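Student: Predicted model and sequence below, questions to follow.
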Amino acid sequence: MSEARRRLPRAFYDRDTIEVARDLLGKHLVHVVAGVERVGRIVEVEAYLGPHDLAAHSAKGLTPRTRVMFGPPGHAYVYLIYGMHWCMNFVTQAEGHASAVLLRALEPVRNVEGRTQGPGLLCKAMGIDGRYHGHDLLSGDLYAARPAREAPIRIVKRPRIGVDYAGHHWARRLLRFYIHGNPFVSKR
């Protein structure tokens, strides 16, 4: 069965953000570029829980940048940090909830070149940039899929990276999830 036939349905994203984040671990991120499938195994993510989460971009309310987060689940929220690195999130939960899961690291599976440890490096290696902001993850060219075989994993929970500005409560919450022992997880 091809990657496209194992694409995750919208209902996968229309659930509690923490559950979606944990369930994304081990799934494949697929980006079809010029007919070539780039595939990476998702090994590290962070959950952002909506406008009440002071580390989430949606904490500043509905803006042109965050509109996608407030939209229906199963769309890509892609943004630029430091004026040079693209980062990609998957929008989760019901429309209006404004929550998302940041993809932090991938294990290359097929046709992925370059480092994939960190959200900016992940996007660069997968060829993802601002053109994919608002992209429907049920499309045929950028989506997440179940692998042909899912190996059992052990999930590690840690605080998110780089969110000290959100205050002690939000900075210390265990909302970063990764696959224990995977060599492609960020080193922090």
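Tutor: In hand now; what should we look at? Numbering: from 1, shown residues only.
Student: give me the low-pLDDT residue ranges for the protein?
Tutor: 1-2, 188 (pLDDT under 70).
Student: Quick one: the strands in it, in order.
Tutor: Ranges of strands within the chain are 28-33, 36-48, 76-81, 85-92, 99-110, 142-145, 155-158, 176-179, based on DSSP state E.
Student: C-alpha coordinates for stretch 68-78, PDB please?
Tutor: Presented in PDB, the C-alpha positions along stretch 68-78 are these (Å, rounded to 0.1, in the frame of the first residue of the first chain):
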ATOM      1  CA  VAL A  68      -4.900  29.100  10.000                       C
ATOM      2  CA  MET A  69      -4.600  27.900  13.600                       C
ATOM      3  CA  PHE A  70      -8.200  29.100  14.300                       C
ATOM      4  CA  GLY A  71      -9.400  27.200  11.100                       C
ATOM      5  CA  PRO A  72     -10.400  23.600  10.700                       C
ATOM      6  CA  PRO A  73      -8.000  20.800  11.800                       C
ATOM      7  CA  GLY A  74      -5.700  19.100   9.400                       C
ATOM      8  CA  HIS A  75      -4.100  22.100   7.900                       C
ATOM      9  CA  ALA A  76      -0.500  23.300   8.000                       C
ATOM     10  CA  TYR A  77       0.500  26.300  10.000                       C
ATOM     11  CA  VAL A  78       3.900  27.300   8.600                       C
END
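Student: Mind listing what's buried along it?
Tutor: With burial defined by 16 or more other CB atoms under 10 Å, the residues of stretch 68-78 counted as buried are 68-71, 73-78. Yep, even glycine has a C-beta here, placed from its N, CA and C like the rest.
Student: how far out from the middle of the chain is that stretch?
Tutor: Relative to its chain's centre, stretch 68-78 lies at 11 Å (CA atoms, centre = their mean, to the nearest Å).
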